[in-house]
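**Student:** missing the sequence, but the structure's below:
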């Protein structure tokens, strides 16, 4: 792969990852509000949704800034989204689980491309 | 070390880490504004300061939520603060470098305590 | 208008406003990065874009929390988006100006509905 | 008052306001976590604390950016802090109420100085 083709692939992949992060932020933030209203005693789930919403936004911001350091936030984001996905699945919140998995996959892909 | 003594040591260490993260957020955010006004062409430095301010705040929020997942953000925060500290030193911004180093050390300490 | 119909109209309007706020946040955040890289000496424009991105996100979060206090942030958001739209137009950044105007209008609409 | 003396008074007042906003953010964020763990069914209180923490941070960021638009966020912040103070007092959370009142006063002062 030429360097230009590689750069374009990275740029496309990054734009996808930004979109997945922003979507996951929105979905998890919304779900945290719903979880608080539905069963506020599920503190651990509410906290995890808020965690996930925040790291997704932070990761998106790093990529939107074209920062050289986004690998670190993408790595954290992939891990946290994976945890959140598991909890969403346990709660039967399928849409939220899907948003988390998509974001985790995108972030892992970004980390892999950095390592090449 | 008994478990109670260990828990208390972790709680004290976490409070220190929250304070170091919040302080580093404030100092880096302020420095980003100053850097933009002083030499706006130093885009990489401005971005790194904004990155560092944001991950410090995110890490503090994870710990303030007593989240089980703070290890991931502390790990990213330690790395990003270390990068930012180097750039601050190159620019002669000693106070900011000190805030970054203190935060990097605190975060690394939190990650180590999790691993035990 | 019955109260139920009124509540549904408010809910639909609020969802639109959340979407306009989130979109305006993303567009302004992206434009701030571009403005910094293109003409970093345009400090006032860069700051206004960052301001606008942040208050849009904050307003969206208030509405996503179903907070009773979103009127205050929507009011601030409408004003700040209007300022940002003017600056975007001066810079010829039409897409960003459009996002700001749409968000300003949505937020003003929310404030009006509260006053009824 | 000469313009220079006026500028210095504004700068000192703004630094105080930034500190009050950052402190109120930290205290309310922490209190939201405690309220969630203690009595998670108090949804309205938890939301208000999260609202207050967020607008305080946003206001501090506007002032830290030396933005020309901080009057709008300070105005919203003063109102929201006043609401939050009332709820903190009802809950007997005196420290949090104090942080909210100090921040509301500082923000109102900033708005007044702008109007001169």
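**Tutor:** Received it, and whenever you're ready, just let me know what you need. For clarity, every value in this text was computed on a predicted model and none was experimentally measured.

**Student:** Helices of chain A, residue ranges please.
**Tutor:** Assigned by DSSP state H, the helices in chain A fall at A:3-38, A:43-64, A:70-91, A:94-115.

**Student:** for chain A, which spans come out with low pLDDT?
**Tutor:** Residue ranges of chain A with pLDDT under 70: A:1-6, A:116.

**Student:** Which one of the residues in it is closest to chain D?
**Tutor:** residue A:40 (3.4 Å; Cβ to the nearest Cβ). To be clear about C-beta, it is placed using only N, CA and C from the backbone, and glycine gets the same treatment.

**Student:** got a list of what that residue touches?
**Tutor:** A:46, D:36, D:40, D:41, D:42, D:43, D:46 (Cβ atoms under 8 Å, 6 or more residues apart in numbering or on different chains).

**Student:** Close to chain C: what parts of chain A are there?
**Tutor:** Taking Cβ under 8 Å from any Cβ of the partner chain as the contact definition, chain A meets chain C at A:22, A:26, A:29, A:30, A:33, A:37, A:57, A:61, A:64, A:65, A:66.

**Student:** pretty sure the fourth one contacts residue C:63?
**Tutor:** The one in question is residue A:30. No: here residue A:30 lies out of contact with residue C:63, judged by Cβ atoms under 8 Å, at a distance of 10.1 Å.

**Student:** Could you list the residues of chain A in contact with chain D?
**Tutor:** So chain A meets chain D at A:36, A:37, A:40, A:41, A:42, A:43, A:46, A:47 (Cβ under 8 Å from any Cβ).

**Student:** What is the neighbour count of the closest residue to the fifth one other than its chain neighbours?
**Tutor:** Closest residue in space to residue A:42, ignoring its immediate chain neighbours: residue A:35 at 5.9 Å, by Cβ to Cβ, 6 or more residues apart in numbering or on different chains. One way to gauge burial is a neighbour count; for residue A:35, by other Cβ atoms under 10 Å in any protein chain shown, it gives 24.

**Student:** any chance of the contacts of residue A:40 in CSV, with distance to residue C:78 too?
**Tutor:** Formatted as CSV, these follow (distance: Cβ to Cβ, whole Å):
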residue, distance to residue C:78
A:46, 30
D:36, 31
D:40, 33
D:41, 34
D:42, 31
D:43, 27
D:46, 27
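
**Student:** can you pick the most crowded of the residues you listed?
**Tutor:** Within the contacts of residue A:40, neighbour counts (other Cβ under 10 Å) peak at residue D:36, which reaches 24 neighbours.

**Student:** and it, how far is that from residue A:90?
**Tutor:** As judged by Cβ to Cβ, to the nearest Å, residue D:36 and residue A:90 stand 19 Å apart.

**Student:** swap in residue A:68?
**Tutor:** Residue A:68 sits 37 Å away from residue A:90, taking Cβ to Cβ as the criterion.

**Student:** higher neighbour count, these two?
**Tutor:** Of the pair residue A:68 and residue A:90, residue A:68 is the one with more neighbours under other Cβ under 10 Å, namely 13 against 10.

**Student:** quick one: contacts for the more buried one?
**Tutor:** By Cβ under 8 Å, 6+ apart, the contact list for residue A:68 reads B:44, B:47, B:48.

**Student:** can you do 10 Å?
**Tutor:** With contact set as Cβ atoms under 10 Å, 6 or more residues apart in numbering or on different chains, residue A:68 has these partners: A:62, A:114, B:44, B:47, B:48, B:51, B:83.

**Student:** among the residues you listed, which ones are buried?
**Tutor:** The neighbour-count test (16 or more other Cβ atoms under 10 Å in any protein chain shown) marks A:62, B:47, B:48, B:51, B:83 as buried among the contacts of residue A:68.

**Student:** Using CSV, lay out those residues together with distance to residue B:8.
**Tutor:** CSV is the format used below for these (distance: Cβ to Cβ, whole Å):
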residue, distance to residue B:8
A:62, 35
B:47, 39
B:48, 36
B:51, 33
B:83, 33
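
**Student:** Of the residues you listed, just say which sits nearest to chain C.
**Tutor:** Closest approach to chain C among those (Cβ to the nearest Cβ): residue B:47, at 7.7 Å.

**Student:** Check the spacing between the closest residue to residue A:10 other than its chain neighbours and residue A:16 real quick.
**Tutor:** Spatially, and ignoring its direct neighbours in sequence, residue A:10 is nearest to residue A:113 (5.8 Å; Cβ to Cβ, 6+ apart). According to Cβ to Cβ, residue A:113 stands 12 Å off from residue A:16.

**Student:** before we move on, what about residue A:34?
**Tutor:** Distance of residue A:34 to residue A:16, computed by Cβ to Cβ: 27 Å.

**Student:** The residue nearest to residue A:10: neighbour count?
**Tutor:** Around residue A:113 there are 16 residues (other Cβ under 10 Å).

**Student:** now do residue A:31
**Tutor:** Number of residues near residue A:31 (other Cβ under 10 Å) recorded here: 27.

**Student:** residues touching residue A:93, list them.
**Tutor:** Applying Cβ under 10 Å, 6+ apart to residue A:93 gives the contacts A:27, A:28, A:31, A:34, A:35, A:45, A:49, A:84, A:85, A:87, A:99, A:100.

**Student:** if I pick the fourth one, what's in contact with it?
**Tutor:** Listed by Cβ under 10 Å, 6+ apart, the contact set of residue A:34 reads A:46, A:49, A:93, A:96, C:64, C:66.

**Student:** ok, stretch A:58-65 near chain B or not?
**Tutor:** Yes: contact of stretch A:58-65 with chain B (Cβ under 10 Å from any Cβ of the partner chain) involves A:58, A:59, A:61, A:62, A:65.

**Student:** what sits against residue A:43?
**Tutor:** If you count contacts by Cβ under 10 Å, 6+ apart, residue A:43 has them with A:35, A:36, B:65, B:66, D:33, D:36, D:37, D:38, D:40.

**Student:** Distance of residue A:89 relative to residue C:114?
**Tutor:** Separation of residue A:89 from residue C:114 (Cβ to Cβ): 38 Å.

**Student:** Sorry, wrong one. I was asking about residue A:29.
**Tutor:** Distance of residue A:29 to residue C:114, given as Cβ to Cβ: 22 Å.

**Student:** Next: residue A:15.
**Tutor:** Distance from residue A:15 to residue C:114, by Cβ to Cβ: 37 Å.

**Student:** Now for residue A:12, how many residues are close by?
**Tutor:** Counted with other Cβ under 10 Å, residues neighbouring residue A:12 total 10.

**Student:** just residue A:59 next, same as before
**Tutor:** Look at residue A:59: counted by other Cβ under 10 Å, it has 35 neighbours.

**Student:** right, and it touches residue A:73 too?
**Tutor:** Yes: using Cβ atoms under 10 Å, residue A:59 makes contact with residue A:73 at a distance of 4.3 Å.

**Student:** Now list whatever residues contact both of the two.
**Tutor:** A:21, A:107, A:110, B:54, B:55, B:58, B:76.

**Student:** any idea which of those residues has the most stuff around it?
**Tutor:** Highest neighbour count within the shared contacts of residue A:59 and residue A:73: residue B:55, with 34 neighbours (other Cβ under 10 Å).
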